Every structure is written in structure tokens, then in C-alpha cells.
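>>> Need coordinates for the following:
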Amino acid sequence: MKDKVFLDTNIIVYAHDCSSGVKHAVAREIMDYLWENRKGVISVQVLQEFFVCVTKKIVKPLLIKNARMIIEYLFNWDVVVNDKCITLKAIDLQEKYRFSFWDSLVIQAAIQGQAHILLSEDLPDGQVVKDLKILNPFTAEWKDYL
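The predicted structure follows:
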């Protein structure tokens, strides 16, 4: 399915962090769109990072049981598990593009999950890696790419 969209951790965190203002509204809209259209892809790494962020790092942390329920719900999406192949390909991406290793894992998981768009505010907006376009949904009109 060529129209899959991979979400980086920050988008999912903003969708569940009511104190993040406009970013919360945009992230909610993205999540709703992906649920309705069954286009969402994430990785286990993203879910793990999400759990830590929403239970420890946001202004009003979620209860662990609530964060767990969200993660259980998100397991209905296409979920990529970072295996040895993804890890080795992420190292190659890190070497070629000079991303951090953790960002390279996210990018490679998106590629492995056959996403054509990766939404993230932490990665270079507009950059294309293989057939994957990275977009910052807070600076670009993400809907134009779907």
C-alpha cells in the first residue's frame, strides 16, 4: 500500500498532550485521519519512546494504565519491529545521511513498513530517503502529500 504514513514519536505524543496547543490539534487531526483511512504505520521503538514521554516528560503525565491502553490501541496499526536487518540498514543510513542512529532506526522502520511519508518535527523537512519523504506537519501542509 503506497499511501502509508509513518509517525515519529513526537506526533503521537502531541496528540495525547493537551498542553501542546496548536501542535496537539494538528497531531490529533493527523491521528484521526490515519485511523479513519487505515494508513498509519509505527514501530515498536516509537511506541516505547511514546510511553516514556507521556508518562514522564510532558507537563501533565498520563497514568501508566492510560498510556498502556493507548499503546494497546495503536497495536492495531501496522507495527514494525526493529530486527537485525532494520538495525544494520539503519547503520547504513546513519553513515550515508549523518542522521543519529535512533533517527536512522525510525527512518528505516518507515521504509520497511512501506510508508511513503514520515511525519516528524525532528527530521529534515522535505528530505527524501529512498522513496520516503520526510515532512514536518507543523510547517508543511501534510494533507497535500496524502
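>>> Return the set of buried residues in stretch 81-95.
Within stretch 81-95, the residues scored as buried using 16 or more other C-beta atoms under 10 Å are N82, I86, K89, A90, L93, Q94. The C-beta positions use only the backbone N, C-alpha and C, and glycine is treated the same way.
>>> thinking the third one is in contact with A110, fair?
No: with contact defined as C-beta atoms under 8 Å, K89 and A110 do not form a contacting pair (11.5 Å).
>>> What distance do you get for the closest residue in space to L62 that isn't next to it in sequence to H116?
Spatial nearest neighbour of L62, chain neighbours left out: V54 (4.6 Å); criterion: C-beta to C-beta, 6 or more residues apart in numbering. Plainly put, V54 is 27 Å away from H116 if you go by C-beta to C-beta, to the nearest Å.
>>> Pull out the buried residues from the helix or strand hosting E72.
If you go by DSSP states H and E, E72 is part of helix 64-74. By neighbour count on 16+ other C-beta under 10 Å, the buried set for helix 64-74 is A67, I70, I71, L74.
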